[in-house]
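# what follows is a protein structure lacking sequence information:
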């Protein structure tokens with residue numbers, strides 16, 4: 001009996017003309033796949049539940065909850081053979097700090113950015129909290145999501161230095177008394193243990209988020225943290241995980257930009273011992289070395305903000321990051337764990353105003369490609385899966401449907417807490433070109449394109465494979481406005497296997 005090898009070809013293209021229009025570039029592009037040239041393993045593609053899932057998962061009609069979950073997590077095909085969803089393989093669960101219970105007294109004016117806390121002020125636990133987030137955790141598991149990550153933005157308000165979910169001005173350090181670090185670690189570990197007992201274990205925990213920012217304006221939960229703070233909390237958390245025999249691994253970093261991973265940023269007056277994380281945490285000579293802790297992953301995570309424009313800077317910083325991480329022995333792995341559109345740029349303007357079209361999708365597709373090929377990121381995670389804002393921060397958009405194909409948006413639209421219209425974006429499906437097909441455990445392999453292409457308006461290509469089942473995935477992104485003939489070489493199969501080729505396209509006319 002012959003076995004089968006499956007070749008997935010995923011295409012992200014500028015618009016319908018790129019596939020079906022009149023203009024066609026005269027050249028034929030050759031994409032050569034080199035299965036024996038091995039790069040990084042892939043840990044997964046994901047997004048987070050912050051902050052809108054707290055209302056969507058608690059109050060919205062069940063059929064709409066399930067539709068949103070299908071769009072994010074499903075790998076099924078519909079009756080027409082079209083993908084139902086993008087098949088995210090990693091889901092980020094935000095362990096919030098208790099500002100929702102404080103209400104307006106929290107100092108966070110936007111109720112959508114507050115969050116509940118399992119820990120009560122008297123030290124007891126209320127596991128009915130975070131109901132909406134727990135609902136989507138279950139929906140993700142039911143749809144086959146393989147990996148789950150719990151992340152913290154701030155300590156519980158009951159433990160914090162100032163009784164709030166954000167820091168005082170000029171604090172610069174973690175909003176937590178030194179003598180409460182062990183208490184905070186025990187709390188995080190108890191939450192992880194609780195979900196493990198419910199057969200919903202978290203694979204990873206990220207205890208600090210964007211520690212370089214001061215988080216003193218009350219716009220959302222957050223805390224600054226020095227490298228010394230991160231070290232102390234990570235050591236305490238590692239001890240608690242080991243004591244409870246939990247298999248969850250700690251991922252440190254979540255740097256506000258990738259520069260804080262490998263640069264000394266003191267010259268701009270903002271670092272305050274919060275930069276050069278690679279050296280701080282993975283150089284054995286550092287007082288904050290974490291490499292001896294058994295449950296700390298040899299991974300640094302960071303966010304893509306403020307490092308993607310102009311394009312020359314995007315490329316240069318990613319090459320510098322990889323070079324810095326490769327200098328360690330063994331090299332330190334890298335995850336990109338948060339991004340949405342913030343920077344002003346010449347292609348799509350800025351983050352203001354939502355964009356469901358291919359413009360934002362292609363802008364982000366280039367970033368994903370560069371993070372995977374230049375930084376050799378093992379994981380790529382979008383910021384928030386669902387948004388009700390008129391901003392380029394979501395994969396799925398909510399509005400009240402009051403104007404046909406659009407409607408009122410924003411935190412002041414009270415009805416959106418309980419129901420609304422669900423809009424998909426081309427960005428959602430573009431991420432699906434990676435998430436749905438490039439599964440955890442796959443390895444990025446060699447993939448070259450000729451003639452050489454422009455990073456601004458050319459064709460980008462990357463490839464991935466696994467042995468069991470035998471699959472190869474090639475992802476092509478056409479940033480130009482022209483059609484291209486593409487010849488793919490290097491995909492070979494022996495006479496004992498049957499090759500199966502499946503092609504998927506995201507463009508203005510097709511989702512995936």
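Perfect, I can see it now. Since this is a predicted model, take the numbers as computed values, not measurements.

# name the next helix or strand downstream of the helix or strand bottoming out on mean pLDDT in the chain, please.
For the chain, the helix or strand with the lowest mean confidence is helix 16-20, at a mean of 40 (criterion: mean pLDDT, DSSP states H and E). The first helix or strand that comes after helix 16-20 along the chain, using DSSP states H and E, is strand 24-41.

# tell me which residues of that following strand are tucked away?
Of the residues in strand 24-41, 29, 31, 32, 33, 39, 40, 41 count as buried by neighbour count, 16 or more other C-beta atoms under 10 Å. Heads up, the C-betas are built off the backbone N, CA and C, glycines and all.

# now do stretch 65-79
Buried residues in stretch 65-79, counted by 16+ other C-beta under 10 Å: 65, 67, 68, 69, 70, 71, 72, 73, 74, 75.

# heading C-terminal from the host helix or strand of the first one, find the next helix or strand.
Read that as residue 65. In the assignment (DSSP H and E), residue 65 maps to helix 62-73. Later in the chain than helix 62-73, the nearest helix or strand by DSSP H and E is strand 90-95.

# before we move on, back to that, list just the nearest of the buried residues of strand 24-41 to residue 204.
Minimum distance to residue 204 across the buried residues of strand 24-41 is 15.0 Å, recorded for residue 41 (C-beta to C-beta).

# excluding its backbone neighbours, what's nearest that closest one?
Counting by C-beta to C-beta, 6 or more residues apart in numbering, residue 41 lies nearest to residue 443, which is 5.3 Å off, once chain neighbours are set aside.

# these two touch, right, the one you found and residue 464?
Yes: with contacts counted by C-beta atoms under 8 Å, residue 443 reaches residue 464, the gap being 6.6 Å.

# joint contacts of the two?
residue 42 (C-beta atoms under 8 Å, 6 or more residues apart in numbering).

# higher neighbour count, the two?
The residue with more neighbours, out of residue 443 and residue 464, is residue 464; 25 against 16, by other C-beta atoms under 10 Å.

# look up the residues forming beta bridges with that one.
residue 444, residue 473 (DSSP bridges).

# what residues are up against it?
With C-beta under 8 Å, 6+ apart, residue 464 has these contacts: 42, 437, 438, 442, 443, 444, 445, 472, 473, 475.

# thinking again about what came up before, farthest pair in the buried residues of stretch 65-79?
65 and 75 (18.4 Å).

# helix, strand, or coil at residue 149?
Secondary structure, DSSP: H, G, I helix; E, B strand; the rest coil: residue 149 is strand.

# tally up the residues packed near it, please.
25.

# that one bridge partners, please.
Assigned bridge partners for residue 149, using DSSP bridges, are residue 92, residue 204.

# which residues does it contact?
46, 90, 91, 92, 93, 202, 203, 204, 205, 206, 251.

# my guess is the fourth one meets residue 47, correct?
Yes: contact status for residue 92 versus residue 47: in contact at 6.7 Å, counting by C-beta under 8 Å.

# what do those two both touch?
Common neighbours of residue 92 and residue 47 (C-beta under 8 Å, 6+ apart) are residue 381.

# where's the residue nearest to the spatial centre of the chain, which helix or strand?
In the chain, the residue lying closest to the centroid (C-alpha atoms, centre = their mean) is residue 381, at 1.3 Å. For residue 381, the element it lies in under DSSP H and E is strand 379-387.

# identify the residues contacting stretch 376-385?
Defining contact as C-beta under 8 Å, 6+ apart, one finds that stretch 376-385 is touched by 39-53, 72, 88, 90, 92, 299, 322, 333-340, 368, 371-372, 393-396, 431, 434, 444.

# could you redo the last one with a cut-off of 7 Å?
39-50, 52, 72, 90, 92, 322, 333-340, 368, 371-372, 393-396, 431, 434 (C-beta atoms under 7 Å, 6 or more residues apart in numbering).

# next up, the contacts around residue 222.
153, 154, 166, 209, 210, 213, 215.

# name the element it belongs to?
Per DSSP H and E: nothing holds residue 222, as it lies in no helix or strand.

# number of residues surrounding the closest residue to it other than its chain neighbours?
Among residues not flanking residue 222 along the chain, residue 215 sits closest, at 3.3 Å (C-beta to C-beta, 6+ apart). Counted with other C-beta under 10 Å, residues neighbouring residue 215 total 24.

# residue 215 and residue 161, how far apart?
12 Å (C-beta to C-beta, to the nearest Å).

# repeat for residue 399
For residue 399 relative to residue 161 (C-beta to C-beta), the value is 39 Å.

# those two: who's more crowded?
Of the pair residue 399 and residue 161, residue 399 is the one with more neighbours under other C-beta under 10 Å, namely 22 against 17.

# what residues are up against that one?
Contacts of residue 399 by C-beta under 7 Å, 6+ apart are 406, 407, 408, 409, 420, 421, 423.

# contacts only, for the second one.
By that I understand residue 407. Residue 407 neighbours (C-beta under 7 Å, 6+ apart): 399, 400, 401, 421.

# again, but for the third one
With C-beta under 7 Å, 6+ apart as the criterion, the residues that contact residue 408 are 399, 400, 402.

# look up the residues forming beta bridges with the first one.
Following DSSP bridges, residue 399 is listed with bridge partners residue 421.

# surely residue 114 and residue 106 touch.
Yes: counting by C-beta atoms under 7 Å, residue 114 touches residue 106, with 5.8 Å between them.

# so residue 213 is in contact with residue 257, correct?
No: between residue 213 and residue 257 there is no contact under C-beta under 7 Å: 10.0 Å.

# what lies in contact with stretch 338-348?
303-306, 308-309, 350-351, 355, 359-360, 363, 367, 381-383, 392-393.

# so for that stretch, what gets flagged as buried?
For stretch 338-348, using 16+ other C-beta under 10 Å, the buried residues are 338, 339, 340, 341, 342, 348.

# which of these fall within strands?
residue 338 (DSSP state E).

# any idea which of the buried residues of stretch 338-348 is closest to residue 506?
residue 348 (16.6 Å).

# against residue 354, how distant is the closest one?
For residue 348, the distance to residue 354 - C-beta to C-beta - is 11 Å.

# now swap in residue 265 and tell me
From residue 265 to residue 354 the distance is 32 Å (C-beta to C-beta).

# and residue 66, by the same measure?
Relative to residue 354, and taking C-beta to C-beta, residue 66 is found at 23 Å.

# swap in residue 294?
44 Å.

# compare the two (neighbour count), which wins?
residue 354 (23 against 8).

# show the pLDDT at residue 5.
Here the pLDDT value assigned to residue 5 is 61.

# same question for residue 253.
97.

# just give me the neighbour total for it.
For residue 253, using other C-beta under 10 Å, the count is 25.

# for it, which three-state class applies?
strand.

# now do the contacts for it.
261, 277, 300, 301, 302.

# care to break this structure down by domain?
Per automatic domain parsing, the structural domains of the chain span 3-40+445-506, 43-440.

# can you put those in JSON lines and add distance to residue 512?
Below are those laid out as JSON lines (distance: least, C-beta to C-beta, whole Å):
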{"stretch": "domain 3-40+445-506", "distance to residue 512": "5"}
{"stretch": "domain 43-440", "distance to residue 512": "5"}
